[in-house]
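Asks: give the three-dimensional model of this entry:
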Amino acid sequence: MANLVPGGNAPVASGQLRVDINYSPIPGADIDVSAFALGDSAKVRGDGDMCFYGQPQILGGAVQLTESSAGRAVFSLDTSRLESSVEKVALTATIYENKASFERVSQLSVVVTGGIEAQIPTGGMKETALILGEFYRRNGDWKFRCVAQGFNGGLEPLAKHFGVDVAAPAPAPAAVVQTPPPAPAAPPKSTISLNKVTLDKTRSSISLEKTAAGFGEIKVNLNWNKGSSGGFFKRSQSVDLDVGCLYELQDGEKGVVQALGRSFGSLTQEPFIQLMGDDRTGSVAGGEWLHINGAKWSDIRRILVFAFIYEGAPNWKETDGVVTIFIPGQPEIEVRLNEEGGRDAMCAIAMLENVNGAVKVSRRVDFHRGHAVMDKAYGWGMNWRAGSK
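Replies: Numbers count the residues shown, from 1 in each chain. As a prediction, the model looks like this:
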């Protein structure tokens, strides 16, 4: 075992590597772990070189954030698949919204395949961002260096330090002013949005206006606590928590996308919504995903995202479940399933509505005994029968 101190380095094998980052969580403050693929100027070559919660896979899968939960993050890194223009891959940790500093993290370590471990000293550290370590090329081979360098300001200035174009925060809702269309221009440069909007009882909705680049592919993720002690939804237990949606198109067509009944949908054909697989055991670290074809948003009237407990007694408070909606160039939208929910197995989580071309996202988080009851509550008017996966 190579135990590295700041500045120390060790060679790593070429090929597939696993990187485990473990830390002591801070109550009331989230810690985000990211990776940056850097060129010879120690800058990213584009927004596609940043691997983080909003973009968990980059470079064709050569760098992947495969697990992210309180106290732990895991990356997969394949050095043999990295392009020759990638000179380094830097690992970072940041405290969301600067709600604390790293001196409150009592333990922080990086463990790399091949017996490499780096304990990051955090005592007295006032910074809210850290460069943990970096993989770098040296004479055609790869090595890992423990950096442990503090950085002020959190994820946004750290991303900018590495050359990432960060989207400006979404402005507060305002009256729409009609202006003449601008002259044709070159396509806008893409930007990474690091903002998070949490919809709760104090702020229950947000409207996102269509940009010149359109909405792109809208991704809806359902995830829940993978390692809570004593919680009913521990990943070691076979609880089947499914994500799905009811949809209504502008032409009046209505339906459901879900694993139950194998109604997986399609991105290229109606309903332009697709369930990307079905995680029956909770073994998929990234949870479950619904993708929506944003280029076809004008064909969609409304979408109701729901979670359904297919197997296991409902205990929603123990799930620590969260649905996150990712729209390119827009703030990340988060809805937490933090209500009790009684014994009802169905949770209506969020409504996405087409309002004059914008995407209006409204928090729901209400509970129902099943599909038919939820359908009636939201006026969908469909006929339901028992199904299986």
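Asks: which residues does Gln119 contact?
Replies: Shown in contact with Gln119 (Cβ atoms under 8 Å, 6 or more residues apart in numbering): Asn3, Val5, Gln107, Leu108, Ser109. Just so you know, the C-beta spots here come from the backbone N, C-alpha and C atoms, and that holds for glycine as well.
Asks: ugh, wrong one, Ile95
Replies: Ile95 makes contact with Ile26, Ala29, Asp30, Ile31, Asp32, Ser101, Phe102, Thr128, Ala129, Gly154, according to Cβ under 8 Å, 6+ apart.
Asks: now with 7 Å, please.
Replies: Neighbouring residues of Ile95 by Cβ atoms under 7 Å, 6 or more residues apart in numbering: Ala29, Ile31, Thr128, Gly154.
Asks: and the pLDDT for the third one?
Replies: Same thing as Thr128. With respect to pLDDT, Thr128 scores 91.
Asks: how many neighbours does it have?
Replies: Using other Cβ atoms under 10 Å, Thr128 is surrounded by 25 other residues.
Asks: ok, Arg262 next?
Replies: Neighbour tally, Arg262, other Cβ under 10 Å: 11.
Asks: which of the contacts of Ile95 scores worst on pLDDT?
Replies: Of all the contacts of Ile95, Gly154 has the smallest pLDDT value, namely 80.
Asks: hang on, the earlier thing: closest to Leu246 among the contacts of Gln119?
Replies: The nearest member of the contacts of Gln119 to Leu246, counting by Cβ to Cβ, is Leu108 at 43.1 Å.
Asks: what helices or strands is the lowest-mean-pLDDT helix or strand in the chain leaning on?
Replies: For the chain, counting by mean pLDDT, DSSP states H and E, helix 316-319 ranks last in confidence among helices and strands (a mean of 72). Under the contact criterion of 3 or more Cβ pairs under 7 Å, 6 or more residues apart in numbering; DSSP states H and E, helix 316-319 touches no helix or strand at all.
Asks: and the next helix or strand past that helix?
Replies: Note on helix 316-319: by DSSP states H and E, the next helix or strand toward the C-terminus is strand 321-326.
Asks: about what we covered before: just the contacts of Gln119: which are in strands?
Replies: Asn3, Leu108, Ser109 (DSSP state E).
Asks: and which of those residues is nearest to Gln64?
Replies: Set against Gln64, the nearest of those by Cβ to Cβ is Ser109 (20.1 Å).
Asks: show me what contacts that closest one?
Replies: The neighbours of Ser109, taking Cβ under 7 Å, 6+ apart as the test, are Asn22, Glu117, Ala118, Gln119, Ile120.
Asks: name the residues of the helix or strand where the second one lies that are buried.
Replies: Read it as Glu117. For Glu117, the host element (DSSP H and E) is strand 116-119. Within strand 116-119, the residues scored as buried using 16 or more other Cβ atoms under 10 Å are Ile116, Ala118, Gln119.
Asks: pLDDT at the second one, what is it?
Replies: In other words, Ala118. In this model, Ala118 is scored at 94, pLDDT.
Asks: where does this structure dip in pLDDT?
Replies: Counting by pLDDT under 70, the chain contains low-confidence residues at 167-195, 225-240, 277-286, 310-314, 338-342, 386-389.
Asks: can you list the domains in it?
Replies: Split into domains by automatic domain parsing, the chain comes to 2-161, 196-378.
Asks: pull up the distance across the shortest one, start to finish.
Replies: Okay, so that is domain 2-161. End-to-end distance of domain 2-161 (Cα to Cα, to the nearest Å): 30 Å.
Asks: what's the separation between the closest residue to Gly357 other than its chain neighbours and Val305?
Replies: Counting by Cβ to Cβ, 6 or more residues apart in numbering, Lys210 is the residue found nearest to Gly357 once chain neighbours are left out, at 5.4 Å. According to Cβ to Cβ, to the nearest Å, Lys210 and Val305 sit 20 Å apart.
Asks: more neighbours: which of the two?
Replies: Between Lys210 and Val305, counting by other Cβ under 10 Å, Val305 is the more crowded of the two (25 against 16).
Asks: contact partners of stretch 60-78?
Replies: Residues contacting stretch 60-78 (Cβ under 7 Å, 6+ apart): 15-25, 33, 35, 37, 51-53, 56-57, 81-82, 89, 135, 225-227, 285.
Asks: cool, stretch 249-268 as well?
Replies: For stretch 249-268, the external contacting residues (Cβ under 7 Å, 6+ apart) are 242, 244-248, 270-271, 273-275, 278, 290-291, 293, 299-301, 310, 380, 382, 387, 389.
Asks: in CSV, list the contacts of Ser109 along with distance to Glu67.
Replies: CSV is the format used below for the contacts of Ser109 (distance: Cβ to Cβ, whole Å):
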residue, distance to Glu67
Asn22, 11
Glu117, 18
Ala118, 19
Gln119, 20
Ile120, 19
